[in-house]
Structure formats: C-alpha cells, structure tokens
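>>> Provided below are the primary sequence and the corresponding predicted coordinates.
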Amino acid sequence: MMNKRVLVNGACGRMGQEVVKTIVNDTADELVGVCDKNNEGKDIKKLLSLPGPEVIIEGDLLSSIKKREVDIIIDFTTPAVVMDNIELGLSNGINMIVGTTGITEVDLQRIDKLACDNDVAALIIPNFAIGAVLMMRFAAEAAKYLNNVEIIELHHDQKVDAPSGTAVKTAELINYNRISNQQNNIDEIEKLPGARGGDSNGIKIHSVRLPGLIAHQEVIYGTEGQSLTIRHDSYNRKSFMPGVKLALDKVMGIKGLVYGLEKVLD
Ligand SMILES: NC(=O)C1=CN([C@@H]2O[C@H](COP(=O)(O)OP(=O)(O)OC[C@H]3O[C@@H](n4cnc5c(N)ncnc54)[C@H](OP(=O)(O)O)[C@@H]3O)[C@@H](O)[C@H]2O)C=CC1
Ligand SMILES: O=C(O)C1=N[C@H](C(=O)O)C[C@H](O)C1
C-alpha cells in the first residue's frame, strides 16, 4: 500500500504534537499538512525539532484540504469544534481518525451516515492506549458477573471536559453487558450537590482533575465481602501512540463508523 497522506488537526496541542512526532519519526506515512489555531505560518517541524522539509501550520482546515491531496485527517482539537471538523473531512471524502472527546450518541449516528455516504472511514476512538482498551474490555467482562459498580477517572487539570470520553465509553460497555442497571444503594441524600458523581444510565462517574496527573481510570465493582478494582494509568502521551499507529494501519480498509479501538484491535 502507498504511503498515506496525513493531516493533523490540533497539531500544536499536547496530543497533536505527539502525533506529529510519531508520524514523522515512526511511520512510513507522509505528514502533508498541519492545522491549529496557534502558530499559524510557522514550520511545525522546526518547532518540534523534526527532520525533513517544512510543514507550515495553517489556521483553516477547509482551505488546507483544498490545497493538497489528503487521505486521512487525525483530529485532536476540542469538544466544541470536533463535529464541524468531522463533517468537513467526511463530506470532502477524507478518512477521519478522531481522538477528540465530547461526541454524543446522536453525533455517532450522523458520523456513520456521512462516512458511508462518502465511502470513507470515521474512526472515533475515546482512548488510544492499548491498556485502557483492555481495562474497558475487562470491566465489561466483569459486568456479566457483578452488578454494583462505580467509575473514578483522574486527569490533568487542563482537561476541559468531564467526564472523560473513556469513562463514558466504559459505562456504555458495562451497561451493554450487565443484567440490571439497578444498584443496591438506598435512596440517598446528596447534601453537597455532585457528591455522588455524574450518573451514566445508573453508573456513577467521578471526575478528579489535578496537576501531575495525565490520564487514569479505576472501575470498582463491589459485592458482599469483596471488591474488584480494574485500573489503567497513562503516565505520558506516548502511551497513546501505538493505538494511533494501529488506527493509521487499519483506516484505509474501513467504510463507515468505528467507535472504539477495540473494534480494530484483534
Ligand atoms: N483518544 C485519546 O486517546 C485521547 C484523547 N484526548 C482528547 O483529545 C483532545 C485534545 O486533547 P489535548 O491535546 O490534551 O488538548 P490541547 O488543548 O492541548 O490541544 C488541542 C489543540 O487544538 C487547538 N484547536 C482548538 N480549536 C481548534 C480548531 N477549530 N482548529 C484547529 N485547532 C484547534 C487548540 O488551540 P487552543 O489551545 O488555542 O484552543 C490546541 O492547540 C481532547 O478532547 C482530549 O480529551 C487526549 C488524549 C488522548
Ligand atoms: O484529555 C485527556 O487527556 C484525555 N482524554 C481522553 C478522554 O477524555 O477519555 C482520553 C484520555 O483519558 C486522555
């Protein structure tokens, strides 16, 4: 297969920078474009001390894809703009790999239709870390046998959205497998609003935001006399890169929506 021509959107962000480095240093794919609200007109390779011909940061995704051939857009921007980016990419016949969070169930249906109509792929991946994908898988497996569960997700204090996309996806996977979404708790009085966390179809999600953290999650099951904790920790953003490379390897053979890296893992 020919080298794929990749554009990274949100290239100056924490994840975007790591993705740019990965494409340039660790894949045969070609970085043909980079977009971001910041550093417009500057050479991203110079900013990140990367080898090879310059790739200039552009501010407008549409004009950027009109200027060149792009096979894949990788998006790590923000929840506020991600749907516009996806719609723009797919309707222009470009495959999308999306790590940005904040995509709803209704959005997913629209994305699938747009991808199918345009004969391209939309990989919407809440977490690219292989360990996190396994954590979600094991949590979903435990739901077949244990019913009472809560999720604690812990992230750095620069994260804009809560709960995390990973926690939302974990709750969905658990709910798909568990026999009942009724837990044993009595009627509770929440004396401090929010003290019991957010409710995702009967599963409580607690979001911790602190400096020093990157991305962590615990799924805690409890039953008579025992508990089971399934925990994953990302200690740096390199932890997401094998998953990004896997998505790059798989994307060209897919048409329509893929929601979650587990769908392309095996
Ligand atoms: N799926 C996964 O495995 C992972 C997903 N994420 C998710 O990825 C997203 C990005 O995270 P992170 O890299 O930490 O965030 P950052 O804020 O560090 O990066 C986002 C970048 O996108 C820029 N940006 C904002 N709006 C636009 C736009 N319209 N067009 C182009 N660029 C834009 C931002 O600029 P500015 O700062 O000026 O707004 C910033 O440079 C989040 O939703 C996060 O939850 C994060 C880690 C792993
Ligand atoms: O913002 C982050 O950092 C992360 N976002 C994703 C999420 O919301 O689940 C993935 C990972 O947890 C890191």
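Done, it's in. Numbering: from 1, shown residues only. Ligands and ions are numbered 1, 2, ... in the order given.
>>> How much space separates whatever residue of the stretch 1-150 of the chain ends up closest to ligand 1 from ligand 2?
Per CB to the nearest ligand atom, residue 13 is where the stretch 1-150 of the chain lies closest to ligand 1, at 1.9 Å. (C-beta placed from N, C-alpha, C; glycine too.) Distance of residue 13 to ligand 2, given as CB to the nearest ligand atom, to the nearest Å: 10 Å.
>>> residues contacting that residue?
Residue 13 makes contacts with 36, 76, 77, as judged by CB atoms under 8 Å, 6 or more residues apart in numbering.
>>> which among those gets closest to residue 240?
residue 76 (9.3 Å; CB to CB).
>>> The closest one: neighbour count?
Per other CB atoms under 10 Å, the neighbour tally for residue 76 reads 27.
>>> all strands in this structure, in order from the N-terminus.
5-9, 30-35, 57-58, 72-75, 95-98, 121-124, 149-155, 198-200, 203-209, 215-223, 226-234, 256-259 (DSSP state E).
>>> who are the neighbours of the third one, in terms of helices and strands?
Other helices and strands packing on strand 57-58, by 3 or more CB pairs under 8 Å, 6 or more residues apart in numbering; DSSP states H and E, are strand 30-35.
>>> now stretch 110-119: how far from the chain's centre is it?
Here the centre of mass of C-alpha atoms in stretch 110-119, compared against the chain's by CA atoms, centre = their mean, to the nearest Å, lies 19 Å away.
>>> ok, now which ones touch residue 60?
By CB under 8 Å, 6+ apart, the neighbours of residue 60 are residue 35.
>>> rewinding a little: restrict the contacts of residue 13 to those near ligand 1?
36, 76, 77 (CB under 6 Å from any ligand atom).
>>> Now do the last one against residue 100, distance only.
Looking back up the chat, that one is residue 77. 5 Å (CB to CB, to the nearest Å).
>>> what's the answer for the first one, then?
From residue 36 across to residue 100, the span is 13 Å (CB to CB).
>>> what touches both of these two?
By CB under 8 Å, 6+ apart, the residues touching both residue 36 and residue 100 are residue 10.
>>> Compare neighbour counts for the two and give me the winner.
Using other CB under 10 Å, the more surrounded residue of residue 36 and residue 100 is residue 100, with 26 against 22.
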